[in-house]
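[1] Sequence first, predicted model second:
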Protein chains: 2
Amino acid sequence: MTELKYIAVRNFLKEQIQQGTFGVGDFLPSENELCRKFSITRTTARKALDELLKEGFIEKKHGKGSCVIERRKSLGLLTVKGFSEAVGKNVKTIFIQKPTLQKLNSSIITALKDEDKKSDYWFFERLRCVGETPVMIEKNWFSNISLPKFKDVSFIDNSFFKTLSQKYFIEIIGSSQELRAEFANKEVAKILQIEIHSPILHISVQFKTSVSNLTIYSELYCNTKKFPIGNNYYI
Amino acid sequence: MTELKYIAVRNFLKEQIQQGTFGVGDFLPSENELCRKFSITRTTARKALDELLKEGFIEKKHGKGSCVIERRKSLGLLTVKGFSEAVGKNVKTIFIQKPTLQKLNSSIITALKDEDKKSDYWFFERLRCVGETPVMIEKNWFSNISLPKFKDVSFIDNSFFKTLSQKYFIEIIGSSQELRAEFANKEVAKILQIEIHSPILHISVQFKTSVSNLTIYSELYCNTKKFPIGNNYYI
DNA sequence: TAGTGGTCTAGACCACGCC
DNA sequence: GCGTGGTCTAGACCACTAG
């Protein structure tokens, strides 16, 4: 099977953009130029450009051309992907508590499912920093289902979810969240290096996974002063 | 100026869907049927259907047809449909400022698009209460595109977005948000009936719409103490 | 005025789903 | 086999931007 024409043109242009041949603000070749260059009709050229439009690489300007724009990020922190992909590359992750099996301290997790109250729990806690600035404390719990050697695995790209996916073939298929603005308590303030009673964003998340009896609970405490939590969503 | 053909077909189908003539799971008329019915070519029929696809009303099934689907309601953090459906039925909405045309106070909206800096703006501000408790201040801006009689329309079910959809055929197709935990300032504290310097959740939202030059900007100030902001997401 | 993108026509062939 | 949507051609006219 040979590649569709509009896909080929789209990929060609996308590569050029990603390699910097066309930078932000530059105009791509016009539809008619693409027609000549690739021996296609305008319908096909337009379809290729429409793909780039839909994917957020360009915007079209009537009478001028197709302009490369700053690409929006995909699903942000608050949807499914986790922290590593959300904030960018300059992220440091420090384990405050490496993964251990614990008896559950049920006062911490408020919305615990009944069937999850019985067993032991994996727990780990991390501090996320942007540059040298601590921005988020992340506490995670999940029940003791079979994750062979979980204690000893190192996280792929510091991402728990990526590790679940690639090592255990477990996918996140949904989440539900509650968000609160709160005063930082003593412990949180100390770790985030902010004053006690500073406003912090507290996010409680339940992640639903492709394994039916595995729910992951996370409690996040964010200092949003320098780094607000972001989120993008497109249908 | 007469209406574009694909817009006319799109609106016709959208009305049928909103009125329930085509319910979830039903198939719309095929592309060839639309061609005959409206005396158009398949390109135009497809463009109309592609609009409905982009706006989340249908999905296309190769070899079968265009199927009406449950329109995705949750756009990232908050629901697209606005507050009314988000918190439940016991919601009261009070206009602090009815829709008016204003010169823009650009200090309020941080991430304003360049082309949006020129014109006048529609602005309105509302207070959302659960029972008798004020929980959210909602400020909205959008550029002065043609929304006939907007000043005088009453919102359908108190929902700005539902009104946009059903009266003007404008759909929300995406959003990008920033969340911050902040201290309540004097004005916000007074309206929300909380103490000054209480922690509040400040959400800045840009809504992308199906009208290319219409972006809606919202600034939300939430007292999350009794009513945390919630969100569900499923793939 | 020349070039650009936006809309639209009238065809064609193909791959998929279903009977 | 037939109808469906997916891709593609070869044109046309229009509205917008700019020199």
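    Right, received. Where do you want to start?

[2] can you give me the helices in chain A?
    With helices called from DSSP state H, chain A shows them at A:5-19, A:31-38, A:42-54, A:84-87, A:160-168, A:186-192.

[3] How is chain A divided into domains?
    A:5-68, A:77-222 (automatic domain parsing).

[4] Roughly how far does the closest residue in space to residue A:93 that isn't next to it in sequence sit from chain B?
    Spatial nearest neighbour of residue A:93, excluding adjacent residues (C-beta to C-beta, 6 or more residues apart in numbering or on different chains): residue A:158 at 4.5 Å. The way it works is simple: take the backbone N, C-alpha and C, and place the C-beta from them, glycine included. Residue A:158 sits 22 Å away from chain B, taking C-beta to the nearest C-beta, to the nearest Å as the criterion.

[5] picking that back up, any chance of the helices of chain A in TSV, plus mean pLDDT?
    TSV is the format used below for the helices of chain A (pLDDT from 0 to 100):
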stretch	mean pLDDT
helix A:5-19	90
helix A:31-38	96
helix A:42-54	93
helix A:84-87	50
helix A:160-168	76
helix A:186-192	95
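
[6] Turn those helices into a markdown table, columns for mean neighbour count.
    Formatted as a markdown table, the helices of chain A follow (neighbours: other C-beta atoms under 10 Å in any protein chain shown):
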| stretch | mean neighbour count |
| --- | --- |
| helix A:5-19 | 16 |
| helix A:31-38 | 15 |
| helix A:42-54 | 18 |
| helix A:84-87 | 20 |
| helix A:160-168 | 18 |
| helix A:186-192 | 15 |
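
[7] could you dump those to TSV with distance to residue B:184?
    Formatted as TSV, the helices of chain A follow (distance: least, C-beta to C-beta, whole Å):
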stretch	distance to residue B:184
helix A:5-19	43
helix A:31-38	52
helix A:42-54	40
helix A:84-87	27
helix A:160-168	34
helix A:186-192	19
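
[8] Identify whichever of those lies nearest to residue B:27.
    Among the helices of chain A, the nearest to residue B:27 by C-beta to C-beta is helix A:42-54 (24.0 Å).

[9] what's in contact with that closest one?
    A:5-7, A:9-10, A:13-14, A:17, A:28, A:31-32, A:34-35, A:38, A:58-60, A:66, B:43, B:54 (C-beta atoms under 8 Å, 6 or more residues apart in numbering or on different chains).

[10] Keep the residues you listed, but drop any that are not near DNA strand D.
    Restricting the contacts of helix A:42-54 to those adjacent to DNA strand D (criterion: C-beta under 7 Å from any atom of the strand) gives A:5-7, B:43.

[11] can you name the two of those residues that are farthest apart?
    The span of these, defined through C-beta to C-beta, is set by A:7 and B:43 at 19.2 Å.

[12] still on that earlier bit, mean pLDDT lowest for which of the domains of chain A?
    Sorting the domains of chain A by mean pLDDT places domain A:77-222 lowest, at a mean of 77.

[13] Chain A: strands as residue ranges?
    Ranges of strands in chain A, per DSSP state E, are A:58-61, A:65-68, A:91-102, A:121-130, A:133-143, A:172-183, A:199-209, A:215-222, A:229-234.

[14] would you turn the ones you listed into CSV with mean neighbour count?
    Output for the strands of chain A, formatted as CSV (neighbours: other C-beta under 10 Å):
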stretch, mean neighbour count
strand A:58-61, 16
strand A:65-68, 20
strand A:91-102, 14
strand A:121-130, 19
strand A:133-143, 20
strand A:172-183, 19
strand A:199-209, 22
strand A:215-222, 20
strand A:229-234, 22
